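Student: Next comes the sequence, and after it the predicted model I'd like to discuss.
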Amino acid sequence: MNHAGGPVCIKDLETIARGVMPSGAWGYYDSGANDEQTKYSNLSAFDEYRLHPRYLRDVSTVSTETTVLGQRVKTPLGVAPCAMHKLAHADGELATSRAASGHGSIMILSTYATASLEKVIAEGDGSTQYWMQLYVYRERRVSEAIVRRAEKAGFKALVLTVDAPVLGRRLIDARNKFNPPDDLVLENFAQDKESKTFGALFGANGDQSLSWENGVAWLQSITKLPIIVKGILTKEDTELAIKYGCAGVIVSNHGGRQLDGALSSIDALPQVVAAAQDKLEVYMDGGIRRGTDIFKALALGARAVFVARPVLWGLAYKGERGVRHALGLLQKELELTMMLTGTTSIEQIDRSFVYQPVNRWVRYNKRGELVAKL
Ligand SMILES: Cc1cc2nc3c(=O)[nH]c(=O)nc-3n(C[C@H](O)[C@H](O)[C@H](O)COP(=O)(O)O)c2cc1C
Ligand SMILES: O=C(O)C(=O)c1ccccc1
């Protein structure tokens, strides 16, 4: 592929990132769990929804402004939490933060970031909301310390990831025997060399006995920040999130990296939206690579969406400028989709703009190529 004129879509960025990243780090970013069924179905499920455009509606001005947790954001497209941005570029999360800040939406910072949360938020210009992602440790003091720092630094919400009581098995990483390089520092909590292996992060430190009571209710008891639960795929868990006073849920399967065979995010979204009944906000991530994907998720009831791998690919391509490029491409594609569907504001995007996936006829093969299925 010729990228001389610069990448024109997220797929181009993926190809470039694959070419420039060391194979171990690339494998870690790219991989899904086991057979990667869920990773691929996050992508192919979007293709099964078709759009229903309306015309002659004056689309000369389009705005993507909306509100999230009661605050205005320029766009409903944010950055999902990802561990270790420094695997992609030496500027790591600081570069991502500067790019996200210009973009004016939300950046969720991973507990396993390679820059401290104070430094990351200091790169923001005030137009972006920062949310802190948490893995809750057996040693609650460690998690509480991160909560206190996030509160003090100005983070607007806590995002509790619930789909990783144990790390999913990623075969590429197993083959590469991949572990974070020694010189990467996870700056948000103290660790020694041994405790930085993936096994230790999730085994020794993580709390596999985490529950709604000792996790979510505990967190509610120690902070006033809104709590968002990330990794919800069912109406039952959405009802529990309401019962436990959460401000929002992120419909997500962790980019297909945890339970292989889990429902794709876009397919899980409608049941979560139905159960939410406007009692909490519903966001989603997983497989967003096009403006049309964002539009479909909004049409099915998401208040905002998040992207992970496209941001990492942008970072690998050109640091801050690369992330700007990735977010800019998606933003432009969203605006184009709005104009071509006859929608000029986010509120106008509703279910009437998507067809239900009655014909499940599009599939990707393992190489990510489109194959039609009867
Ligand atoms: C390399 C990588 C690291 C991730 N690290 C975290 C993490 O630290 N915490 C978390 O909640 N989710 C993590 N995720 C999951 C993402 O937040 C997100 O749910 C998912 O990747 C979205 O799908 P997408 O990559 O198709 O956009 C990670 C994903 C990737 C690809
Ligand atoms: O890779 C992931 O999906 C993830 O959440 C993670 C974070 C830190 C270490 C290992 C895995």
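Tutor: All right, it came through fine. Ligands and ions are numbered 1, 2, ... in the order given.
Student: C-alpha only now, for contacts and for neighbours.
Tutor: Will do.
Student: residues in contact with the residue lying farthest from the centre of the chain?
Tutor: Most distant residue from the mean C-alpha position of the chain: residue 56, 34.6 Å away (C-alpha atoms, centre = their mean). For residue 56, the contact set (C-alpha atoms under 8 Å, 6 or more residues apart in numbering) comprises residue 342.
Student: again, 10 Å this time
Tutor: 341, 342 (C-alpha atoms under 10 Å, 6 or more residues apart in numbering).
Student: That one and residue 344: what is the separation?
Tutor: Note on residue 56: its distance to residue 344, by C-alpha to C-alpha, to the nearest Å, is 12 Å.
Student: about what we covered before: quickly find the element holding the residue farthest from the centre of the chain.
Tutor: Secondary structure from DSSP states H and E places residue 56 outside every helix and strand.
Student: what helices or strands is whichever helix or strand residue 250 is part of leaning on?
Tutor: In this assignment (DSSP H and E), residue 250 forms part of strand 248-251. Here strand 248-251 touches strand 157-161, strand 227-232, helix 235-243, helix 265-276, strand 281-285, strand 304-307, going by 3 or more C-alpha pairs under 10 Å, 6 or more residues apart in numbering; DSSP states H and E.
Student: May I see these arranged in JSON lines, with mean pLDDT and mean neighbour count as well?
Tutor: Formatted as JSON lines, those follow (pLDDT from 0 to 100; neighbours: other C-alpha atoms under 10 Å):
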{"stretch": "strand 157-161", "mean pLDDT": "98", "mean neighbour count": "23"}
{"stretch": "strand 227-232", "mean pLDDT": "98", "mean neighbour count": "25"}
{"stretch": "helix 235-243", "mean pLDDT": "97", "mean neighbour count": "17"}
{"stretch": "helix 265-276", "mean pLDDT": "95", "mean neighbour count": "22"}
{"stretch": "strand 281-285", "mean pLDDT": "98", "mean neighbour count": "27"}
{"stretch": "strand 304-307", "mean pLDDT": "98", "mean neighbour count": "24"}
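Student: Same list, these, but as a markdown table with distance to ligand 1 please.
Tutor: A markdown table is the format used below for these (distance: least, C-alpha to the nearest ligand atom, whole Å):
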| stretch | distance to ligand 1 |
| --- | --- |
| strand 157-161 | 5 |
| strand 227-232 | 7 |
| helix 235-243 | 17 |
| helix 265-276 | 9 |
| strand 281-285 | 5 |
| strand 304-307 | 4 |
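Student: Which residue is the nearest non-sequential neighbour of residue 331?
Tutor: The shortest distance from residue 331 to any non-neighbouring residue, by C-alpha to C-alpha, 6 or more residues apart in numbering, is to residue 291 (6.7 Å).
Student: For that neighbour, give me its contacts.
Tutor: Applying C-alpha under 10 Å, 6+ apart, we find residue 291 in contact with 77, 329, 330, 331, 332, 333, 334, 335, 336, 337, 338.
Student: If we only consider the residues you listed, which is nearest to ligand 2?
Tutor: The shortest gap between ligand 2 and any of the contacts of residue 291 belongs to residue 77, at 19.9 Å (C-alpha to the nearest ligand atom).
Student: got the contact list for the residue nearest the centre of the chain?
Tutor: In the chain, the residue lying closest to the centroid (C-alpha atoms, centre = their mean) is residue 80, at 2.9 Å. By C-alpha under 10 Å, 6+ apart, the contact list for residue 80 reads 106-110, 131, 133, 250, 254, 284-286, 305-309, 311.
Student: now swap in residue 221 and tell me
Tutor: Applying C-alpha under 10 Å, 6+ apart to residue 221 gives the contacts residue 215.
Student: Double-check that it belongs to a helix.
Tutor: Yes: applying DSSP: H, G, I helix; E, B strand; the rest coil, one finds residue 221 inside a helix.
Student: now it: how far from ligand 2?
Tutor: Distance of residue 221 to ligand 2, computed by C-alpha to the nearest ligand atom, to the nearest Å: 25 Å.
Student: what's the answer for residue 18, then?
Tutor: 17 Å.
Student: Check which helices and strands the helix or strand that contains residue 340 sits against.
Tutor: Using DSSP H and E, residue 340 falls within helix 309-341. Using 3+ C-alpha pairs under 10 Å, 6+ apart, the elements in contact with helix 309-341 are helix 10-20, helix 23-30, strand 77-79, helix 92-103, helix 291-299, strand 304-307.
Student: Tell me if that helix is near ligand 2.
Tutor: No: on the criterion C-alpha under 6 Å from any ligand atom, helix 309-341 is out of touch with ligand 2, staying 10.7 Å away.
Student: Quick one: work out the angle between that helix and helix 92-103.
Tutor: Angle, helix 309-341 to helix 92-103, by axes from the mean of the first three to the mean of the last three C-alpha atoms, to 10 degrees: 20 degrees.
Student: begin at 46 from here
Tutor: Taking 46 as the first residue, the last one we looked at is helix 354-386.
Student: and helix 354-386 with ligand 1, contact?
Tutor: Yes: under the criterion of C-alpha under 6 Å from any ligand atom, ligand 1 is reached by helix 354-386 at residue 354.
Student: any idea of the mean pLDDT in that helix?
Tutor: Helix 354-386 comes out with an average pLDDT of 98.
Student: The helix or strand following that helix - contacts with which helices or strands?
Tutor: Sequence-wise, the next helix or strand downstream of helix 354-386 (DSSP H and E) is strand 399-400. Applying 3+ C-alpha pairs under 10 Å, 6+ apart, we find strand 399-400 packed against strand 95-96, helix 336-344.
Student: now the last one, how far from the chain's geometric center?
Tutor: Looking back up the chat, that one is helix 336-344. 14 Å (C-alpha atoms, centre = their mean, to the nearest Å).
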